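**Q** What would the 3D arrangement of this be:
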Amino acid sequence: GYVGQKGNTLTFPNVKVEKSGTYCLLLYYCSGENRTFTLTINGEDRYDVTKLYSGDYVHPTVAAVLVDLKAGENFIMFGNDAAYAPDLDRIAVSDKLASEMDLSEYADALYKDAKVAVAEKNPDFCENPIVRTMYTADPAPMVYGDTLYLYTTHDEDQLVNDFYTMVDWYCFTTKDMVNWEQHGPIFSLDDISWADDRAWAPQAVERNGKFYLYCPVHKKDGGMAIAVGVSDSPTGPFKDLGYPLVDEGDWNDIDPTVFIDDDGQAYLYFGNPELRYVLLNEDMISYNKEVGIVKIPMVEESFAKGSHMTGTTYAEGPWFYKRNGLYYMVYAAFGLDKRDEHLAYSTATSPTGPWKYGGVLMTEEGGVFTNHPGVCDFKGHSYLFYHTGELPGGSLFHRSVCVAEFTYNEDGSIDTIAKCDGVSAIKEEK
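**A** Predicted coordinates for the structure are as follows:
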């Protein structure tokens, strides 16, 4: 039988084989319309099954699908484009490599009149969640050269005190949005001598050949503060300054977002429940103390009426960027009478506001208690990164990073973006 079900997807997290190779995966399909189904193996290889006919509970159809499995445990997802999960009785894996078998005879021996469907690998689609080998959250994309670097937090499998248990940060890289490489951990609480907990939402930026990773952490005997890791490489390892960049002695200093404007001025926004910013100096590890820490007016015109502590929707997780002369602030938000966060955005013609509320970017439906936006343009495409609880065992404390492609309207506004199955590969022009 299957272990988990999420919407229109079944999950099989512990499919074991002794050695790597191509195997015959048997799908015992009981009922349903003739639809196209998808198999995803270990979050990397995606296969399309197009000829899986409906059986019944006495004589289910057996689909013999050729898939590449690695030695040891494999994570398999089986889904379709309907609103509900396909009706599988169970799955099985051949005890031999496919090259050593007659697939039709193998399937027929199990059930009379079984129909065999052979799937083809789809290398042109990345299915959400992007990372399936661990729990990740708070996605922060950075484009540098021909590569997208995605920085994330890491939700530990085992919770401490039934709360977010997070001690390090990771980076995942891609050149085509489908093939991802894991790096890390690239920075951890062990690297920050003055911090002891809460390795929360980061963001990275490059300047003058150096890479700066801004991370909120809990200061020993204090509140939340913002650390800075510095590296010569976008994938680390990062070295802490040895002291916090921002430390107001309260709990507001979380979720930093960094942006360098066209005139060279760098901005670091942050905060929950208030949105605040500092003007970073060119060294990126200090800020203009004469201007100090500036508090943005938390008014309905800027962030709409909501249920968070300021009376607006703005909650946390700001993401600051500029596109075609318009400044965007995307953030996690609480609507009126809503318990889970949605994503919203505001815009301004100046990097410091005043901000004008733009609308809901992604609803709370299908998510968990928190969400966190990361927005970027990459090779002619626009992407919104976010997180959900879609992996097996997922919850508000065990999250998974996802991505959706979207487009801007001519006036720069953005329509509400739906959570989705994934994104297609970027095709390089020849």
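**Q** where do the strands sit along the stretch 101-250 of the chain?
**A** Taking DSSP state E, counting those that start in this stretch, the strands of the stretch 101-250 of the chain run over residues 120-122, 125-127, 135-144, 147-155, 168-174, 180-188, 195-197, 203-207, 210-219, 224-231, 239-240.
**Q** okay, the ones you listed in CSV with mean pLDDT, distance to P318 and mean neighbour count next?
**A** (Glycine included, C-beta is placed from N, CA and C.) Formatted as CSV, those follow (pLDDT from 0 to 100; distance: least, CB to CB, whole Å; neighbours: other CB atoms under 10 Å):
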stretch, mean pLDDT, distance to P318, mean neighbour count
strand 120-122, 53, 36, 14
strand 125-127, 90, 26, 21
strand 135-144, 98, 11, 24
strand 147-155, 98, 15, 24
strand 168-174, 97, 18, 22
strand 180-188, 96, 20, 18
strand 195-197, 98, 21, 18
strand 203-207, 98, 10, 21
strand 210-219, 98, 12, 23
strand 224-231, 98, 13, 23
strand 239-240, 98, 23, 18
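**Q** now those strands in CSV, with distance to G271?
**A** What follows is the strands of the stretch 101-250 of the chain, written out as CSV (distance: least, CB to CB, whole Å):
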stretch, distance to G271
strand 120-122, 42
strand 125-127, 32
strand 135-144, 15
strand 147-155, 17
strand 168-174, 20
strand 180-188, 21
strand 195-197, 18
strand 203-207, 13
strand 210-219, 10
strand 224-231, 10
strand 239-240, 22
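**Q** wait, which of the ones you listed is closest to G359?
**A** Closest to G359 of the strands of the stretch 101-250 of the chain, according to CB to CB: strand 135-144, at 21.1 Å.
**Q** Parallel or antiparallel, list what pairs with the closest one.
**A** Applying DSSP bridges to the sheet, strand 135-144 is found paired with strand 147-155 (antiparallel).
**Q** re earlier: of all the strands of the stretch 101-250 of the chain, which lies closest to G412?
**A** Closest among those, using CB to CB: strand 135-144, at 19.5 Å.
**Q** Return that closest one as PDB; C-alpha atoms alone will do.
**A** The C-alpha trace of strand 135-144 is given here as PDB (Å, rounded to 0.1, in the frame of the first residue of the first chain):
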ATOM      1  CA  TYR A 135      12.900  19.700   4.800                       C
ATOM      2  CA  THR A 136      13.700  23.200   3.500                       C
ATOM      3  CA  ALA A 137      12.000  26.600   3.900                       C
ATOM      4  CA  ASP A 138      12.400  30.400   3.400                       C
ATOM      5  CA  PRO A 139      13.700  30.300  -0.200                       C
ATOM      6  CA  ALA A 140      16.000  33.100  -1.300                       C
ATOM      7  CA  PRO A 141      17.100  33.000  -4.900                       C
ATOM      8  CA  MET A 142      20.100  34.900  -6.200                       C
ATOM      9  CA  VAL A 143      21.100  35.000  -9.900                       C
ATOM     10  CA  TYR A 144      24.800  35.200 -10.500                       C
END
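**Q** Looking at the strands of the stretch 101-250 of the chain, spot the one closest to D253.
**A** strand 224-231 (4.8 Å).
**Q** among the strands of the stretch 101-250 of the chain, which is nearest D262?
**A** Short answer: strand 203-207, nearest of the strands of the stretch 101-250 of the chain by CB to CB, at 13.6 Å.
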